[in-house]
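Visitor: Test case, fold it:
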Amino acid sequence: MEPVSAPAKKTELAEDLGKEQHGKGKVGSLKNPETYENVPGHVIPILEGEFADFDTEAGKFLAEQLTEEEFIGFRLKQGVYGQRQPDVQMIRVKLPYGGITPEQMEAFADVVERYVPLNKGHITTRQNIQLHHIPLDDAAKAIRELGEVRLSSREGCGNTVRNVTGDPYAGLLEDEIFDPTPYAGAYVRYFVRHPTTQLMPRKWKTAFSASEADRAITPIHDLGFIPRIKDGERGFKITVGGGTSIMPRIAETITEFAEADSGEYLKVSEAALRIFDRQDWLRANRARARIKVLIDKIGIEEFRERIDEELEGEWVLDRDFEGAVERGRFVDDEEAGAPAVPATPSSPNGDRSEFDGFLERNVTPQRQPGFSAVEVKVIRGDLTPGQFRGLASIMRDYSGGYARTSAEHQNFVLRWVRDESIYDVWTRLADLGLGDPGAREITDVVSCPGTDSCKLGITSSMGLNEAIQERLESMQITDPLTRQINIKMSGCPNGCSQHHIGSIGFYGASLKLGDRTMPAYIPHLGGRSQADTTFGKRLKARIPAKRVPEAVERWLRFYESERSDGELFADFVERIGTEDFEKQIKDLTMPAEFSLDNVLQFVDWSRSEPYKVERGEGECAV
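Guide: Okay, the predicted model is just below:
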């Protein structure tokens, strides 16, 4: 008989093992007054009492009866985030798995017109829509008005379960294992307002993909779900510990299969969240208090053991996971509401080259015959009130009244468009300034707001986005492999633009030259996303911001001239290495002396005053 080995000794951690971690309680009770509707866009239950509480607390703060420190946690939990500019806020509105209705689009238009000075809403890479520069008393009005159409900012900020993202093409494509949307909806409803997830060591990001293609990019999330079928049962592979920022990590697997309909995937998720919530040692340094830090410390094998132990706890007996899935699943038969074949569809008359370019590069045939998904390229993720309303009208007329934002390129995906209607959709989009081809391609440049609004911003990433896009358009790129390159930039190292996984990625930095400072960027090259998620290689270079577009053009020309047949950019970077890329831009990294001739080098993109670093304390770690 083989000797029984002793169990591995677990890593000693400063945990609060006696912490009370309650469930939500019975649905419809005073402790859990949520009710659920299977109405498109109505995923997160709206509680009127929360708006009244926000009105009260905001009023106290404005009357100086509460300090900022006392008010901030409450404000963040309602999705209202401080900006670098004093006395204004950003509202982060959650769109679970990106879903949105025409009525909600129109509500955004109304709120933007009334309360947003810059007259735009911003789509993020996590399928939120953010509204910036709103005074606090107007923020209270805005979240209430958005709530009237069941849009929620609840737990859009703070140390909570943030917006649950998903594949915007879920339910539509041939490679799908099954549509995860109902189960993503149940996950959202289970963990919003859950007592254990209200003040964790740090935020928690979740993604649900629909296939092995992994269009939701689960490897960069705290928790990720990829569908599986086992013995005829639906379930998920669950991954944990991914993330970007200053410690980029690829998620590791907790389990290859957790049942979906029985609620096992919720049970495993809650076990992981309970373990994370008890790590008091992580709270000592909130800037590094992510689940990936715990995985780094103890390893994935020990984390799996801790999950198994947690699942043996008495708390499991107090939960009804199968009932939570049954009550909370979000079921919407989009096909039943899909448009009929149009009676008199339009078609191109004469030169159709522009439309054909859009058709080739922005339209994806669905697995359902006769329908396609149309991805709308939204420049820098910004939509004006007129564009919100125009898209709402197109949704009603051509896509059965439903759409999703994308999880990687700040775009807008119209689903269930009749093939016969695509030309009409394109002409309507073009009238809105949204008809450009090249969604998810090289000119679909991604960036966070940077110093436009974020306290953590070092550089004007939105300004650089515009400058790079102008340079790329002037190059008139037709090479199909070059067009596949994606470019992303963040205004700081934290990675809100996903610069780590861009083919070409940048994050904001600075260069000190005597008594003056110059805005700059640190590049990463060769990143990959989705099923092949890989972090780009950081170059030993710091490029002045005004020289970055030139660096991008040189790298693209270098790639086109030196690659082998069919070689993708990331493969080229892997083969060539970073040193040759650094040589291509060596002269661009040379410091410049301040003078009248080069004064603009010391002014950031889209700015008029001399650059200086003004980085505040961000609230994402509060």
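Visitor: I'd like the mean pLDDT over stretch 182-198, please.
Guide: Stretch 182-198 carries an average pLDDT of 97.
Visitor: buried ones in it?
Guide: By neighbour count on 16 or more other CB atoms under 10 Å, the buried set for stretch 182-198 is 182-194, 196-197. All C-beta spots, glycine's among them, are computed from the backbone N, C-alpha and C.
Visitor: in a strand, that's where H133 is, yeah?
Guide: Yes - under DSSP: H, G, I helix; E, B strand; the rest coil, H133 sits within a strand.
Visitor: Quick one: residues contacting it.
Guide: Counting by CB atoms under 8 Å, 6 or more residues apart in numbering, H133 makes contact with Q83, Q85, V88, M90, V116, P117, L118, S453.
Visitor: Skip the chain neighbours and tell me the closest residue to the fifth one.
Guide: Among residues not flanking V116 along the chain, L131 sits closest, at 5.1 Å (CB to CB, 6 or more residues apart in numbering).
Visitor: if we can go back for a sec, which pair in the buried residues of stretch 182-198 has the greatest spatial separation?
Guide: Pairwise distances across the buried residues of stretch 182-198 (CB to CB) peak at 23.1 Å, for the pair P182 and T196.
Visitor: next one: phi and psi at the residue most central in space within the chain?
Guide: The residue lying closest to the centre of the chain (CA atoms, centre = their mean) is R126, at 1.5 Å. For R126, the backbone dihedrals (degrees, to the nearest 10) come out as phi -110, psi 30.
Visitor: Next: I220.
Guide: phi -100, psi 20.
Visitor: my guess is it contacts G242, does it?
Guide: Yes - between I220 and G242 there is a contact at 4.6 Å, judged by CB atoms under 8 Å.
Visitor: Overlap in contacts, those two.
Guide: I250, A251.
Visitor: now the contacts of H133 in JSON lines, with neighbour count, pLDDT and secondary structure?
Guide: Formatted as JSON lines, the contacts of H133 follow (neighbours: other CB atoms under 10 Å; pLDDT from 0 to 100; DSSP: H, G, I helix; E, B strand; the rest coil):
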{"residue": "Q83", "neighbour count": "20", "pLDDT": "94", "secondary structure": "coil"}
{"residue": "Q85", "neighbour count": "13", "pLDDT": "92", "secondary structure": "coil"}
{"residue": "V88", "neighbour count": "17", "pLDDT": "95", "secondary structure": "coil"}
{"residue": "M90", "neighbour count": "25", "pLDDT": "97", "secondary structure": "strand"}
{"residue": "V116", "neighbour count": "22", "pLDDT": "98", "secondary structure": "coil"}
{"residue": "P117", "neighbour count": "12", "pLDDT": "96", "secondary structure": "coil"}
{"residue": "L118", "neighbour count": "15", "pLDDT": "95", "secondary structure": "coil"}
{"residue": "S453", "neighbour count": "23", "pLDDT": "94", "secondary structure": "coil"}
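Visitor: which two of those lie the greatest distance from each other?
Guide: Largest separation among these by CB to CB: Q85 and V116, giving 13.2 Å.
Visitor: Now tabulate the contacts of H133 in JSON lines and tack on distance to F330.
Guide: Shown next, in JSON lines, are the contacts of H133 (distance: CB to CB, whole Å):
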{"residue": "Q83", "distance to F330": "32"}
{"residue": "Q85", "distance to F330": "37"}
{"residue": "V88", "distance to F330": "34"}
{"residue": "M90", "distance to F330": "27"}
{"residue": "V116", "distance to F330": "29"}
{"residue": "P117", "distance to F330": "35"}
{"residue": "L118", "distance to F330": "33"}
{"residue": "S453", "distance to F330": "31"}
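Visitor: show me where pLDDT drops low in the chain?
Guide: 1-8, 618, 620-622 (pLDDT under 70).
Visitor: on that earlier part again, quick one: the residue nearest to the centre of the chain and R440, what's the gap?
Guide: 17 Å (CB to CB, to the nearest Å).
Visitor: now swap in Y115 and tell me
Guide: For Y115, the distance to R440 equals 32 Å [CB to CB].
Visitor: Kindly report the same for I46.
Guide: I46 is 33 Å from R440, by CB to CB.
Visitor: could you show me where the strands are in the stretch 51-200 of the chain, in order?
Guide: Under the criterion DSSP state E, counting those that start in this stretch, the stretch 51-200 of the chain contains strands at 80-82, 89-94, 99-100, 121-123, 128-134, 161-166.
Visitor: typo on my end, the stretch 451-600 of the chain
Guide: 487-490, 504-513, 516-525, 537-538, 543-544.
Visitor: in the third one, what's buried?
Guide: Of the residues in strand 516-525, those scored as buried under the neighbour-count criterion (16+ other CB under 10 Å) are R516, M518, P519, A520, Y521, I522, P523, H524, L525.
Visitor: the helices in the stretch 151-300 of the chain, which residues?
Guide: 181-191, 264-277, 291-298, 300-310 (DSSP state H, counting those that start in this stretch).
Visitor: Of all those helices, which one comes closest to P201?
Guide: Comparing those by CB to CB, helix 264-277 comes nearest, at 6.5 Å.
Visitor: I'd like to know which elements the closest one is packed against.
Guide: helix 181-191, strand 223-230, strand 233-240, strand 252-259, helix 291-298, helix 300-310, helix 321-328 (3 or more CB pairs under 8 Å, 6 or more residues apart in numbering; DSSP states H and E).
Visitor: Just give the number of residues close to D532.
Guide: Look at D532: counted by other CB atoms under 10 Å, it has 13 neighbours.
Visitor: gap between it and A184?
Guide: 23 Å.
Visitor: for E609, same thing?
Guide: E609 is 45 Å from A184, by CB to CB.
Visitor: ok, E264 touching E270?
Guide: No - at 10.7 Å, E264 and E270 do not qualify as touching, with contact defined as CB under 8 Å.
Visitor: Neighbour count: those two, which is higher?
Guide: E270 (25 against 21).
Visitor: Just list the residues touching that one, thanks.
Guide: Per CB under 8 Å, 6+ apart, neighbours of E270: Y190, F191, T196, R319.
Visitor: do the same with F74
Guide: D53, F54, E57.
Visitor: hmm, 7 Å instead?
Guide: Going by CB atoms under 7 Å, 6 or more residues apart in numbering, F74 touches E57.
Visitor: Likewise for V111?
Guide: V111 sits in contact with L131, A142, E145, L146, where contact means CB under 7 Å, 6+ apart.
Visitor: which of these are buried?
Guide: The neighbour count (16+ other CB under 10 Å) marks L131, A142, E145, L146 as buried among the contacts of V111.
Visitor: what separates the third one from V39, distance-wise?
Guide: In this structure, E145 and V39 are separated by 18 Å, where distance is defined by CB to CB.
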